[in-house]
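Trainee: predicted coordinates and the sequence they were generated for:
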Amino acid sequence: MIVEITGTSTRNKGAELMLVAIAEHLRESVPDATLVVTTGFGTYTERASYGLSSKLASTKLGRISMLTAIMPTALRRAYGMVTEPEIDVVIDASGFAFSDQLGARRVEQFATDVRRWKNQGKRVVLLPQALGPFETDRVRNAFNDILDRADLVFARDKVSYQHLQHLQPNHQNVRLAPDFTNLVAGEIPPGYEPQARHACIVPNHRMVEKTNSREQAEYIPFLTKCIAELRKRDIAPLLLLHDTHTDEELVQPIQSAIATPIPVLRESNPRRLKGILGAAHVVVGSRFHALVGALSQAVPCIGAGWSHKYQMLFEDYDCPECLLSTDTPCDEIGVLVKQIANGSGRDKLVGRLTAAGKEQVRSVHKMWAEVDTLLGLESGELGKPRPSMSVNGESCAVPV
């Protein structure tokens, strides 16, 4: 079976962790599966580190380059190259890409891709992601086109699910399932020895790009208030960059706003990032998958977010009171920090996170079982070699 994974990249560590989660599941379910990404996923070295093949790009005319067109299939495989017609399944893990907030271009392009993939006989699955709203005509029409063709579409939260219901009520291929990176185990980086009581502060540049001017102005002060309240309770803050490309620009403003600078930790491996988060006493953050990584390990969090996906995440983990607005007064932050830092309040919260986490795991296993059934893994339909046909004297796989 050849599976293309779309919507992920090494530029975003949450997106990279979703690739890890998909690869782990498929390689357990179908050990001989070939996993494919476009070259946009990352460098050759990064793709090779995950054992990923590369999808050969077409020219603007839609033709594969002459060299790869005449290259025997076995030779392409040896060099880790796959052409689009050879792909059986496309699994999308865009996270948050299809919404009025992000415009029509991405959703329209994906609708065009889905139409082509289905004409080629592929199965198309959108794994759990934040979706909607779909109020503008172009975005709404394009995603309706996707819904009409995709085999399964998973909304990651109740708000996203309602947005889909407004598009096409009771669509037979629409499901609700949570973020699936909770199944990936974290790793402690070699040599990392955190203090017993430390907090990871995880900023997100989108909080100053995707919010209104008031929230933008409040974001750095909000983080500094959290840092001050943590220090009052002898919890050592550590600035953790979950995205070293874009969040770096927030480091200096944060350091300048606090009395004493705090250590900065940069880590590019998403498993190690999750391991670091799991070792924290508290996490304060705005990176969605950093919060998932902490909550799924029953680490108390204080969050601030820029879309509905944050509210839904904290509700999924039964701690909605831990998601704050950026204008929350210092004394209210202090009350929450005191509650989650020590004693019975912390114990109760950890108990809630643990129970909710188990339910999230069950839901993700249920999601994967449905995906596996669609892909014919139980019957072995897609696990077997595809039938072939002769094209210009060369044996070619027939799309399933």
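Mentor: That came through, no problem. Numbering: from 1, shown residues only.
Trainee: every contact and neighbour count from this point should use C-alpha atoms.
Mentor: Noted.
Trainee: which stretches of the stretch 101-250 of the chain form helices?
Mentor: Here the stretch 101-250 of the chain has its helices, by DSSP state H, counting those that start in this stretch, at 104-119, 137-149, 158-167, 213-232.
Trainee: now the angle from the shortest one to helix 137-149?
Mentor: Pointing back at helix 158-167 there. Here helix 158-167 runs at an angle of 90 degrees relative to helix 137-149 (axes from the mean of the first three to the mean of the last three CA atoms, to 10 degrees).
Trainee: tell me which residues are up against helix 158-167.
Mentor: 130-134, 140, 144, 155, 171, 174-176, 308, 312 (CA atoms under 8 Å, 6 or more residues apart in numbering).
Trainee: just the buried ones out of those residues, please.
Mentor: Buried members of those, counted by 16 or more other CA atoms under 10 Å: 130, 131, 132, 133, 134, 140, 144, 155, 174, 175, 176, 312.
Trainee: which of the residues you listed lies closest to residue 336?
Mentor: Using CA to CA, residue 312 comes nearest to residue 336 of the buried ones among the contacts of helix 158-167, at 19.3 Å.
Trainee: from the buried ones among the contacts of helix 158-167, which two are the most distant?
Mentor: Among those, the pair separated by the greatest distance (CA to CA) is 144 and 312, at 23.5 Å.
Trainee: need the contact list for residue 132.
Mentor: Contacts of residue 132 by CA under 8 Å, 6+ apart are 98, 99, 100, 160, 163, 164.
Trainee: change it to 10 Å
Mentor: Going by CA atoms under 10 Å, 6 or more residues apart in numbering, residue 132 touches 96-102, 139-140, 143, 155, 159-164, 166-167, 308.
Trainee: what's the local residue count around the nearest residue to it once chain neighbours are set aside?
Mentor: Distances taken as CA to CA, 6 or more residues apart in numbering put residue 99 closest to residue 132, at 4.2 Å, once the chain neighbours are dropped. The number of residues packed near residue 99 is 22, by other CA atoms under 10 Å.
Trainee: just the one 3 residues further on next, same as before
Mentor: By the measure other CA under 10 Å, the count of residues near residue 102 is 14.
Trainee: quick one: low-confidence parts of the stretch 1-150 of the chain?
Mentor: Flagging of the stretch 1-150 of the chain using pLDDT under 70 yields the residue ranges 58-69, 79.
Trainee: for it, just list every one of the strands.
Mentor: Secondary structure of the stretch 1-150 of the chain (DSSP state E, counting those that start in this stretch): strands at 2-6, 34-37, 53-55, 81-82, 89-92, 96-98, 123-131.
Trainee: now render those as a markdown table, adding distance to residue 215.
Mentor: Output for the strands of the stretch 1-150 of the chain, formatted as a markdown table (distance: least, CA to CA, whole Å):
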| stretch | distance to residue 215 |
| --- | --- |
| strand 2-6 | 32 |
| strand 34-37 | 36 |
| strand 53-55 | 41 |
| strand 81-82 | 45 |
| strand 89-92 | 31 |
| strand 96-98 | 21 |
| strand 123-131 | 21 |
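Trainee: just the buried members of the contacts of residue 132?
Mentor: 96-101, 139-140, 143, 155, 159-164, 167.
Trainee: nearest to residue 334, out of the strands of the stretch 1-150 of the chain?
Mentor: strand 123-131 (30.9 Å).
Trainee: the stretch 251-400 of the chain: helices as residue ranges?
Mentor: According to DSSP H, counting those that start in this stretch, the helices that the stretch 251-400 of the chain contains are 251-257, 270-278, 288-295, 308-316, 330-341, 343-374.
Trainee: figure out which of the ones you listed is closest to residue 13.
Mentor: Ranking the helices of the stretch 251-400 of the chain by proximity to residue 13 (CA to CA) places helix 270-278 first, at 5.6 Å.
Trainee: same for the closest one, what does it pack against?
Mentor: Counting contacts by 3 or more CA pairs under 10 Å, 6 or more residues apart in numbering; DSSP states H and E, helix 270-278 is packed against helix 13-29, strand 198-202, strand 236-241, strand 264-266, helix 288-295.
Trainee: repeat that with 7 Å
Mentor: Taking 3 or more CA pairs under 7 Å, 6 or more residues apart in numbering; DSSP states H and E as contact, the helices and strands that helix 270-278 lies on are helix 13-29, helix 288-295.
Trainee: hey, which of these is tucked in deepest?
Mentor: Comparing the helices and strands packed on helix 270-278 by mean neighbour count (mean count of other CA atoms under 10 Å), helix 288-295 ranks first with a mean of 26.
Trainee: and for residue 223, the neighbour number?
Mentor: With neighbours defined by other CA under 10 Å, the count for residue 223 comes to 23.
Trainee: and for the one 5 residues further on?
Mentor: Neighbours of residue 228 under the rule other CA under 10 Å: 19.
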